[in-house]
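> Provide a 3D model corresponding to the input given below.
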Amino acid sequence: MKNIKLNLIIVFCILSFALGLFLNFSFFLFAFILFYLSIFMIIKDFVKEIQTSSKDSSTKNEKNKAVNESADEHPIIVSARARLKKKN
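Numbering: from 1, shown residues only. The predicted structure is shown next:
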């Protein structure tokens, strides 16, 4: 859906540039506004993707830490370590 919006804005930008070239200067102004709008949309999507990927990686790291910590504190593991220490 986001690519369709971006493509439509780019098409309107090119169309208004062509109309500005042949008809009126106000179409040039409209073309530049659409161009900057498309650039801002691209940047916004890029930032959103970076934020979601960093959130995903941080939640995975937190889950891995929680699994490792809970495994270290499990009573069976604690008793097994105690038995190993007694043997050595």
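> okay, CA-based contacts and neighbour counts for the rest of this
Noted.
> Could you list the buried residues of the one helix or strand K5 maps to?
When secondary structure is defined using DSSP states H and E, the element that contains K5 is helix 2-22. Neighbour counts over helix 2-22 (16 or more other CA atoms under 10 Å) mark L6, I9, I10, F12, C13, I14, L15, S16, F17, L19, G20 as buried.
> from those, which is closest to K48?
L6 (15.4 Å; CA to CA).
> got a list of what the closest one touches?
Applying CA atoms under 8 Å, 6 or more residues apart in numbering, we find L6 in contact with S38, M41, I42.
> For the protein, which segments count as strands?
All residues of the chain lie outside strands when identified by DSSP state E.
> Helix or strand with the lowest mean pLDDT in it?
Within the chain, confidence by mean pLDDT, DSSP states H and E is lowest for helix 25-72 among all helices and strands, at a mean of 72.
> these two touch, right, F27 and S16?
Yes: contact criterion CA atoms under 8 Å: F27 and S16 qualify, at 5.2 Å.
> Now render the buried residues of helix 2-22 as CSV, adding pLDDT.
Below are these laid out as CSV (pLDDT from 0 to 100):
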residue, pLDDT
L6, 74
I9, 76
I10, 78
F12, 77
C13, 76
I14, 79
L15, 79
S16, 78
F17, 76
L19, 77
G20, 75
